[in-house]
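Participant: the following block contains a protein sequence and its predicted model.
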Amino acid sequence: MISNIRKNCMGTVSFDGKFDGMRKAQDFIVYPMHSGNQTETALVQSDTRIGRIHLSSGAVMMSPSRAGGSYNAHLMLCKPAGTLTSEELMMLKASIMATANGHAGSNGVVYTDNSAALEVFNVA
């Protein structure tokens with residue numbers, strides 16, 4: 001279940017997510033999507049977990065919780081953690097697409113290339 005979808009200071013999307021195996025919701029950030037980057041999945045990360053959300057089916061793959069944080073190396077430990085409803089998936093994809101920009105970010109210091117976010121609805 002996801003809620004509170006919002007744009008963050010890096011110019012991408014953040015949301016509160018509670019998936020299978022989690023006691024309570026955590027704040028997740030969606031990694032920027034740039035050219036050369038796959039857009040079939042959205043890479044998401046919280047303070048203790050990392051995972052992928054398949055943008056065609058809404059299937060969620062999530063790493064186990066780690067006190068020191070989970071990073072890209074922990075992606076291979078991901079297991080199925082539920083599926084987003086069609087409404088949740090549509091809202092997430094619309095929010096991701098709304099942040100598409102080659103020069104995203106609003107903190108004035110760091111900018112990210114989130115231009116491939118325009119392609120989230122083109123996923124089969």
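Facilitator: Done, it's in. Numbers count the residues shown, from 1 in each chain.
Participant: what's around residue 59, how many residues?
Facilitator: Around residue 59 there are 16 other residues, counting by other C-beta atoms under 10 Å. All C-beta spots, glycine's among them, are computed from the backbone N, C-alpha and C.
Participant: again with residue 52
Facilitator: By other C-beta under 10 Å, 19 other residues sit near residue 52.
Participant: I figured it hits residue 39, correct?
Facilitator: No - between residue 52 and residue 39 there is no contact under C-beta atoms under 8 Å: 11.7 Å.
Participant: and residue 17, how close does it get to residue 85?
Facilitator: Plainly put, residue 17 is 13 Å away from residue 85 if you go by C-beta to C-beta, to the nearest Å.
Participant: which one of the two has more residues nearby?
Facilitator: residue 17 (27 against 12).
Participant: now the phi/psi pair for the nearest residue to residue 25 once chain neighbours are set aside, please.
Facilitator: Once flanking residues are discounted, residue 25 sits nearest to residue 18: 4.1 Å by C-beta to C-beta, 6 or more residues apart in numbering. Dihedral pair for residue 18: phi -130, psi 110, per degrees, to the nearest 10.
Participant: any idea how far residue 18 lies from residue 42?
Facilitator: 17 Å.
Participant: those two: which is more packed in?
Facilitator: Between residue 18 and residue 42, residue 42 has the larger neighbour count (other C-beta under 10 Å), namely 24 against 15.
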